[in-house]
Each structure stands twice: as structure tokens, then as C-alpha cells.
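> model this:
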Amino acid sequence: MRPGVLGALAVADFRERVRRPAYLAILVSAIGLGYLAAPAVDGRWVILNAGNFRGVYDSAYVGTVTALAGMLWLTLGGFYVVRNAVARDEQTRVGQLLAATPLRMATYLAGKWLSNLMVFGSMLLALAGTALMMQLVRGESRAVDPVGLLVPFVLIALPVLAVTAAAAVFFETVRPLRGGLGNVVWFFGWLVFVFVGQGTDDLFGGLGIGEIRDSMRADIVAQHGGRANGEFALGLMYLDHPLRTFEWSGLDLSAGFVGGRIVFVLVAVVLATLGALWFGRFDPARGRLRVQPGAGAVPAGAVPAGVVPA
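Numbers count the residues shown, from 1 in each chain. The predicted structure follows:
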């Protein structure tokens, strides 16, 4: 797998995707969730309810809750934005040109995964800017901690979105999941993740959310005693009364925690390239190519942008 080829594939695909209206729509909605992640002090709509408490709006807390909100939305809406990369190459017949080159399918699929991840990363970067803006606007703490602000995006949201990006590629290599069935499967899987996973320590703990919950509960108990007895809930909620505040010490970046994030990324790479075992290099004889009538054809001899022989 040549890094130069992989990077060229990913960058060319990324540039094409960020020009689409769907990208802008998902980005704007994600930024809107970032705004709701740090509501006004008397606000009733919240993203994170830590046992009827919220953290003081400093860099660590605002960055964390905004990253969680972004992760929650992008694992759903973002999946449908990035999941048609392979199908588009089929429809435009770029895939036929790629099949005629020495390009390995593992490299091709890894490039699509990296492109998906770049799309998600650009959205997370916009969310990080939103988090900084909301911290300054709310004014409870104007001391900006860049590390505390960015770490949740890098170590909580990005690894989960790396798996989402890989799943989008994997679904396109499994014929039954390439169409509407795959959309339905992902949607119901997301519902399980959001509504069932919050009560499952194995799932949320593995994502790093368990560590956030336990850390916040410890600080709430230390500052407010036994009154920290409410449920930890993640999602868009309307409350009867504003949340009380506590000062959160931030994530504990232990070796085990960071190692778990690295494992997530490695799993994503394996999942994204796994389809190379059966994906047919856009070979019509293997029943993989389904060109839509009237789809734009690539002129003979043309080379897709960013693709060079391996």
C-alpha cells in the first residue's frame, strides 16, 4: 500500500465531497447541535444531563459536550453523506478505469475510508471552533485551554467516526447492504447505540463515554455530596428546570484510555479494507458493476483526478 497513492485518492475524493449541498446541510446541523450543547444558564434544552447537573462552561466541559453532540449526530447523518463513494465511481465508470490499473483494492478502499474520515474531521474542526465560540459567549470561564478543548474531539469523537467511516465503505462492498437495506440497518443500529447503549457499561465504556460519566459523577459527589443521584443522559432533551453547575476536572488521559482509542482506529482500518477479500474490482463479470442509464462516462484514456499507477 503506497502512501502517496492512498493520499492522492483520499484528497481527490474529499475535494469532490465538500462541494455537495448534503455536506453543507450536515455541517450546519452539527454546528447547531454544538450551540445547543452549551445552552444559556436558564436554558431548558440540553445535550448532556449529568444527574441534573452540568459543568461550568470552561474549555474541557464545553469541548467534551460539543464533541459528544457532534459524534451523536455525525454517526447518523454523516454516515449517509459519505456512504456512496464506491457507487459513484461505478456510476461514472471511473471504477472501470481503476480496475485497469495495478491499483490494489485494499488501497482503493483504504483511500475511500481516509476520505470519509477527512470529511468527518473537517466537521469536527468546525465544531471545535463552535465550542470555543460558545465558551467565550457564555462567559462562565474565559480562560481558553486548547488541549482541554480539542482532546475530546480527537480521543472521543474521531475514533468513533473512524469506525463509522469504515462501516460506510464496508457496506458498499457487501451487496445486500449497498442499497436501502443498508440504510435501514445502520439507522436501527444507531438507535440501539443511542438508546440502549447508554444503559450498557460495556458499550459506552468502550467508547470512552463511561470514563466521562464516572469522572463527572466523582466531581459532583465531591462538590455536592449525595445529591448527585440522577441519571447520566446523552441526547437532545427538554428539562423542567435549568441544570445546576459543578466544576469538572476534565478527562483522565491514562495509557489505557488512549490505547483504547488507538484500537478503535485500527479496527476501523481493518473493517474498511476487509471488503477487498471479495470486492470484484468493478468487474461486470462478477456482478458488481451496476451502471445507471445515462450516467456520465469518463472519456477513453482519461485518468481520474488524484489516481496514479501503483
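
> now the helix or strand residue 66 falls within: mean pLDDT?
Here residue 66, judged by DSSP states H and E, is contained in helix 59-73. Throughout helix 59-73, pLDDT has a mean value of 91.

> next SSE after it?
Counting by DSSP H and E, the element after helix 59-73 in chain order, helix or strand, is helix 79-82.

> does anything pack onto that next one? Which helices or strands?
Contacts defined by 3 or more Cβ pairs under 8 Å, 6 or more residues apart in numbering; DSSP states H and E place helix 79-82 against helix 21-37, helix 105-138, helix 158-173, helix 180-191. From N, CA and C alone the C-beta is placed, and that goes for glycine too.

> circling back to that earlier point, what's the helix holding residue 66 packed up against?
helix 21-37, strand 45-50, strand 53-55, helix 105-138, helix 146-152, helix 209-224, strand 232-238.

> can you tell me which of those is most buried?
Comparing the helices and strands packed on helix 59-73 on average neighbours per residue, with mean count of other Cβ atoms under 10 Å, the densest one is strand 53-55 at a mean of 24.

> which residues sit against that one?
By Cβ atoms under 8 Å, 6 or more residues apart in numbering, the surrounding residues in contact with strand 53-55 are 46, 48, 61, 64-65, 216, 220, 224, 228, 230, 243-248.

> how does it look with 7 Å?
Strand 53-55 is contacted from outside by 46, 48, 61, 220, 228, 243-248, using Cβ atoms under 7 Å, 6 or more residues apart in numbering.

> cool, stretch 151-169 as well?
Contacting residues not belonging to stretch 151-169 are listed as 63-64, 67-68, 70-71, 74-75, 78-79, 82-83, 109, 112-113, 116-117, 120-121, 124, 127-128, 207-208, 251, 253, 258, 261, 264-265, 267-268, 271-272, 275 [Cβ under 7 Å, 6+ apart].

> re the thing from before, do you know which of the helices and strands packed on helix 79-82 lies nearest residue 15?
With Cβ to Cβ, the closest approach to residue 15 among these belongs to helix 105-138: 9.2 Å.

> and the angle from that closest one to helix 21-37?
40 degrees (axes from the mean of the first three to the mean of the last three Cα atoms, to 10 degrees).

> check contacts around the closest residue to residue 31 other than its chain neighbours.
Of all residues not flanking residue 31 in the chain, residue 130 sits nearest, at 5.1 Å (Cβ to Cβ, 6 or more residues apart in numbering). Counting by Cβ under 7 Å, 6+ apart, residue 130 touches 31, 34-35, 66.

> between those, which is nearest residue 141?
Ranked by distance to residue 141 (Cβ to Cβ), those are led by residue 66 at 14.6 Å.

> isn't the closest one up against residue 37?
Yes: judged on Cβ atoms under 7 Å, residue 66 makes contact with residue 37 at a distance of 4.5 Å.

> if we can go back for a sec, show me which residues of the helix holding residue 66 are buried.
59-73 (16 or more other Cβ atoms under 10 Å).

> could you give the angle of that helix to helix 209-224?
140 degrees.

> run through who's touching helix 59-73.
Here helix 59-73 has contacts from 29-30, 33-34, 37-38, 47-48, 55, 123-124, 127, 130-131, 134-135, 144-145, 148-150, 152-153, 156-157, 160-161, 194, 212, 234-235, 248, 250, using Cβ under 7 Å, 6+ apart.

> for residue 243, see how far away residue 195 is.
In this view, residue 195 and residue 243 are 21 Å apart by Cβ to Cβ, to the nearest Å.

> of those two, which one has the most company?
residue 243 (20 against 10; other Cβ atoms under 10 Å).
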